[in-house]
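> quick one, structure for this:
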Amino acid sequence: MNSQTGLETSKGIVSNATNRKFGLRDKLGYLFGDFGNDFFFILVSSFLMVFYTDVFGINAAAVGGLFLIARLWDAIADVTWGRFIDTRKASPNGKFKPWIFRMSFPLVITGVLMFIHLPGMSDGFYLAYAYVTYILWGTFYSTVNIPYGSMASVITSDPVERTSLSTFRTLGSAMAGLIINVIGPLIIFVDNKADPNRFLLAAIIFAILSLSCYMACYKLSTERITAPENKKVNSNLGVTLKGFSKNKPLIWILIASLAFMTCFMLIGSVNIYLFKDYFGSATALSVVGIVQTLSMFIAMPLVKPLVARFGKKETASAGLLLAAAIYAVLYFIPNVSTNQFIGILSIATFGYAFFNMVIWAFVTDVIDYHEYLTGLREDGTVYSIYSFARKVGQAIAGGLGGFAISAVGYNANLKSQTPATLHGIHTLGTLLPAIILVLVFLILVFLYPLNKKRTIQLTADLAERSHS
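I've put the predicted structure just below:
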């Protein structure tokens, strides 16, 4: 091992000791990664369904079937790609960064292809075109997102620095969301109707921005800890699966994240009806989007000092409990004005912002714990398992939102909904999130074992093992 790559440990983990120290450049680089991801991810999440129904003319139920099938395929693609990444040899630029560079090009190209409309084609053609382009895009998304998410664990081994990376990742996502949700509708709708040419224009603009962000992520981030090629990863599958079964932190963070993702996406679905029908103001959704982003910005500088003092588990738990309490309060005061509701809601969004910002740091901890249990450094595989759980959560939320709205009696043909339906919508938008957030809180407090003390000890144990 030469002086430029550092010293190889007994486990094969290499510390690139001669690299520059972790700092703001790494945080910005990691921010740009999710900034690039979410230019298209949020565009697709927010507007692809209306493109399929209003431009392609595909039945909404058929679109729902496409989304369900595609997301389940994405979940499989995540795990497959994670295992593949773990068999690759690290290059001079790192093990994960080169894949972000290589695969970002086909990713943004297929993203643009999704929004191309060829007029005069048959319904079957449009449905088939949607299936092919959407599933292709989702597959390429896995090839970029899995190495990007796995990279956090090799940029730094320090738990507090990893929290900073997680926070900056969330900031990148929030910035993309703000741009898409504020500027996107202004581009793609003409006279309140979806315009095919404007959709394509938006896709091209966001593709250029997305690719620029990926290049910034590649340029600014540095992998300091690299694992050599693991050609035995397939033969180690039994060890890996046994390690997963014993990895309580991984199991419980998967369950907590699945529940939180279901809750988060359900809130997004129900809020449309809550503000459009219950409060009679669909435009208030724009204000909610701004409030959510501002709440995250306020919470952001507090995350690192709070985690340094109390720990990730402790900080996230407190935020979840606050959010659950506020949603419960909103349920018991149904007669507030729209502005009063949004004002109180901002406290809840501030609370769960802490969980949102440290969740990626939890993932790096469970990757370390997997190594502690098995002796295998499988960043891509562990991260892909976590990503799999999030995709399942998205699929559940996608189906649950429509089912729940239907269950409370919503009828799109009515000029105004019945009082019982409005009460049901209010319950779905307040009490249900409160219940789910309490569940996530209880999982984190009583079942997730890596508190501050144990996380510090885990880092020390791995460092001692690597030098033994």
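> neighbours of residue 318, how many?
Residue neighbour count, defined by other CB atoms under 10 Å, stands at 18 for residue 318. All C-beta spots, glycine's among them, are computed from the backbone N, C-alpha and C.
> low-confidence ranges, the stretch 351-468 of the chain, go.
By pLDDT under 70, the low-scoring segments of the stretch 351-468 of the chain are 397-402, 412-413, 466-468.
> one more time with 80
Applying pLDDT under 80 to the stretch 351-468 of the chain flags residues 360, 376-384, 386-407, 410-415, 465-468.
> swap in the stretch 201-350 of the chain?
225-244, 265-266, 268-273, 276, 281-286, 289.
> show me the helices in it, by range?
If DSSP state H, counting those that start in this stretch is used as the criterion, the helices of the stretch 201-350 of the chain fall at 237-246, 248-273, 284-310, 312-332, 338-374.
> and whichever strand or helix holds residue 381, what's buried?
Secondary structure here is read from DSSP states H and E; on that basis residue 381 sits in helix 379-407. By neighbour count, and taking 16 or more other CB atoms under 10 Å as the criterion, the buried residues in helix 379-407 are 379-398, 400-401, 404-405.
> mean confidence (pLDDT) on stretch 170-187, please.
In this model, stretch 170-187 carries a mean pLDDT of 81.
> please identify the buried residues of it?
Of the residues in stretch 170-187, those with enough neighbours to count as buried (16+ other CB under 10 Å) are 170-181, 184, 187.
> stretch 299-309 too?
Neighbour counts using 16+ other CB under 10 Å place 299-300, 302-304, 306-307 of stretch 299-309 among the buried residues.
> what's that stretch in contact with?
Outside stretch 299-309, the residues that touch it by CB atoms under 8 Å, 6 or more residues apart in numbering are 159-160, 163-164, 167, 170-171, 315, 319, 350, 353-354, 357-358, 361.
> swap in 6 Å and give it another go.
Residues outside stretch 299-309 that contact it (CB atoms under 6 Å, 6 or more residues apart in numbering) are 160, 163-164, 167, 315, 350, 353-354, 357.
> ok, back up a step: which other helices and strands contact the helix holding residue 381?
With contacts taken as 3 or more CB pairs under 6 Å, 6 or more residues apart in numbering; DSSP states H and E, helix 379-407 sits against helix 60-85, helix 123-155, helix 248-273, helix 338-374.
> I figured residue 295 was touching residue 349, is that so?
Yes. Look at residue 295 against residue 349 with CB atoms under 6 Å: they come within range, at 4.2 Å.
> so what's residue 217 up against?
Contact criterion CB under 6 Å, 6+ apart gives 29, 32-33 as the residues in contact with residue 217.
> most neighbours out of those residues, which is it?
Top of the contacts of residue 217 by neighbour count (other CB under 10 Å): residue 33, with 31 neighbours.
> re earlier: and whatever helix or strand comes next after the helix holding residue 381, how far from the chain's centre?
Beyond helix 379-407 on the C-terminal side, the first helix or strand identified by DSSP H and E is helix 419-446. Averaged C-alpha coordinates place helix 419-446 at 21 Å from its chain's average position (CA atoms, centre = their mean, to the nearest Å).
> tilt between helix 419-446 and helix 312-332?
An angle of 160 degrees separates the directions of helix 419-446 and helix 312-332 when computed by axes from the mean of the first three to the mean of the last three CA atoms, to 10 degrees.
> outline the domain layout of this structure.
Described in terms of automatic domain parsing, the domain architecture of the chain consists of the residue ranges 8-231, 239-468.
> returning to what we had before: distance between the helix holding residue 381 and the chain's centre?
For helix 379-407, the distance from its own C-alpha centre to the chain's C-alpha centre is 11 Å (CA atoms, centre = their mean).
> what angle separates it from helix 123-155?
Orientation check (the same axes, to 10 degrees): helix 379-407 against helix 123-155 gives 130 degrees.
> helix 60-85 and helix 379-407, what's the angle between them?
If you take the same axes, to 10 degrees, helix 379-407 sits at 170 degrees to helix 60-85.
> wait, residue 27 sits on residue 168?
Yes. Because the distance of 4.3 Å satisfies CB under 6 Å, residue 27 is recorded as touching residue 168.
> okay, these two: which has more neighbours?
With other CB under 10 Å as the criterion, residue 27 and residue 168 differ in neighbour count, and residue 168 comes out ahead with 24 against 21.
> closest to residue 118 out of the helices of the stretch 201-350 of the chain?
Smallest distance to residue 118 across those (CB to CB): 29.9 Å, for helix 248-273.
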